[in-house]
Structures are given as C-alpha cells and as structure tokens.
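Colleague: Provide a 3D model corresponding to the input given below.
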Amino acid sequence: MKRVITFGTFDLFHIGHLNILRRAKEQGDYLIVGVSSDELNEKKGKKSIIPLKDRIEIVKSLTCVDEVFIEDSLELKDEYIKKYNAELLVMGDDWKDKFNWVSCNVKYLERTPNISTTYLKNSIAMVYKD
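Modeller: Numbers count the residues shown, from 1 in each chain. Okay, here's the model as predicted:
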C-alpha cells in the first residue's frame, strides 16, 4: 500500500483544495493530510478565518482523505513523513523545490487556476468594503 502525505491550511475550503487532495490520493492508496495549526499559520504570516477544529473536520469528511493530523511546524515535515510511513509527499506547485530535502519522493502538483484562499479573502473584503 503506497502512503501519500500532504499538508495545508485548508482555510475557506474551496475547489482548489478539493482538486489537490483528490489528485494527491490518485498518487497512492492511502492519503494522510497535515492541517496547519493556527500557530503555524501565524508564523507564516497568515490568519485563519475558520477555526482549526472545523478545518480538520472538513478535511476528515472527504472520501479521498484517510487520516488527518495537526501540523505544528514546517521544519518537522520529514518527522511527519517518517511517523506516518509516507512514501510520497505531494504539495502544490507554489511550493516547488522547497521540500526536496525530505526523506521520501516529492511531487508538486499544479494548482487550480484562479482560486486561492487569499483570492477569496480579497474578494470578500471587496464585497463588504464600505
């Protein structure tokens, strides 16, 4: 059984998130997803709108996802890979070549065009702008 791992914030869950998770699952038999903690997001300069526990429940509910855990640190990616016995790390191509140092194979998948959480947040802000 080929175990695949991926990571993300999954805030304001959208079709781009679903597409990358489905495509990640196609790379193997068992998909493990690390959902970024609020503390990790703050370190990355992000603020989540959806609470962590809700983001986890949303990701857990997907049929393409087999297991979910909380990601607390970007630096611990390789430890998570080893802990979950993953053979392949899948990330969006916005992270291209950033994780080539991990102990398993890495595949960067093309993101869904014209959609991102940042885009959604900016669109919402424009709608509600005074």
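Colleague: give me the three-state assignment for Lys98.
Modeller: Three-state call for Lys98 (DSSP: H, G, I helix; E, B strand; the rest coil): coil.
Colleague: repeat that for the one 5 residues further on.
Modeller: Under the three-state scheme (three-state DSSP), the conformation of Ser103 reads as coil.
Colleague: find the nearest non-adjacent residue to it, please.
Modeller: In this structure, Ser103 finds its nearest non-sequential neighbour in Asp78, 5.4 Å apart by CB to CB, 6 or more residues apart in numbering. (Each C-beta comes from the backbone N, C-alpha and C, glycine too.)
Colleague: how about Lys47?
Modeller: Spatial nearest neighbour of Lys47, chain neighbours left out: Asn41 (6.7 Å); criterion: CB to CB, 6+ apart.
Colleague: ok, so what distance separates Val127 from Leu120?
Modeller: 11 Å (CB to CB, to the nearest Å).
Colleague: the two: which is more packed in?
Modeller: Higher neighbour count among Val127 and Leu120: Leu120, with 16 against 7, using other CB atoms under 10 Å.
Colleague: surely the residue nearest to Lys47 forms part of a helix?
Modeller: Yes - Asn41: assigned to a helix according to three-state DSSP.
Colleague: coming back round to it: mind giving me the packing neighbours of the host helix or strand of the residue nearest to Ser103?
Modeller: According to DSSP states H and E, Asp78 maps onto helix 77-83. If you count contacts as 3 or more CB pairs under 8 Å, 6 or more residues apart in numbering; DSSP states H and E, helix 77-83 packs onto strand 3-8.
Colleague: which strands and helices sit next to the strand it packs on?
Modeller: By 3+ CB pairs under 8 Å, 6+ apart, strand 3-8 packs against helix 15-25, strand 30-36, helix 77-83, strand 88-92.
Colleague: parallel or antiparallel, list what pairs with whichever helix or strand comes after the last one.
Modeller: Meaning strand 88-92. Moving toward the C-terminus from strand 88-92, the next helix or strand (DSSP H and E) is strand 105-109. Under the criterion DSSP bridges, strand 105-109 sits next to strand 88-92 (parallel) in its sheet.
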